[in-house]
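[1] build me a model:
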Amino acid sequence: MDEKKLIFLAKEAKKHAYVPYSHFQVGAALLTVSGKVYTGCNIENASYGATNCAERTAFFKAISEGERDFKAIAIVSSSEEETFPCGICRQVMMEFMPNGIVILETKNGQIKQYTVQELLPFAFTSKDL
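    Model (predicted):
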């Protein structure tokens, strides 16, 4: 699947975001090695700690369906700037796709790619246990 299609699916997922507090919509589209896509949106809660990011929503949906091998994730937001994943989402990405690609779109429509390793160079992994 190409980057533009994955970005499109992330934009579609963003429409479902539940963001009554921040009004900051985020959508994600997670690509498995087998080619299946799982989408996610951010879901806020009045108790902010219960909020879940779009990226983790996509990962948790996929994992709960038995997926374990991921290739890439596209992330978009209601911001005009590219939106990088938070630290917790980066850690989840390191757990489930340490060699994966993170795809972001800039405000002028340019698509940029980063490796998970680039976004979390000193990750905590099972080697640290």
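
[2] do you know how far the most centrally placed residue in the chain is from V26?
    Closest to where the C-alpha atoms of the chain average out (CA atoms, centre = their mean) is E55, at 2.9 Å. For E55, the distance to V26 equals 8 Å [CB to CB, to the nearest Å]. C-betas here are computed from N, CA, C, even on glycine.

[3] repeat for I103
    Distance, I103 to V26, by CB to CB: 14 Å.

[4] try M1
    20 Å.

[5] check what pLDDT the residue nearest to the centre of the chain gets.
    If you check E55, the pLDDT there is 98.

[6] show me what contacts it?
    Each residue near E55 by CB atoms under 8 Å, 6 or more residues apart in numbering is listed here: V26, A28, L30, G40, I73, I75, P85, C89, V92, M93.

[7] how does it look with 6 Å?
    Listed by CB atoms under 6 Å, 6 or more residues apart in numbering, the contact partners of E55 are A28, P85, C89.

[8] which residue packs closest to it, ignoring adjacent ones?
    The shortest distance from E55 to any non-neighbouring residue, by CB to CB, 6 or more residues apart in numbering, is to C89 (4.1 Å).

[9] quick check: phi and psi at that neighbour.
    phi -60, psi -40 (degrees, to the nearest 10).

[10] that one: how many residues sit nearby?
    25 (other CB atoms under 10 Å).

[11] what do you get for H23?
    9.

[12] what about the residue nearest to it when sequence neighbours are not counted, distance to T115?
    Nearest residue to H23, sequence neighbours excluded (CB to CB, 6+ apart): S78, at 7.5 Å. Going from S78 to T115 by CB to CB gives 25 Å.
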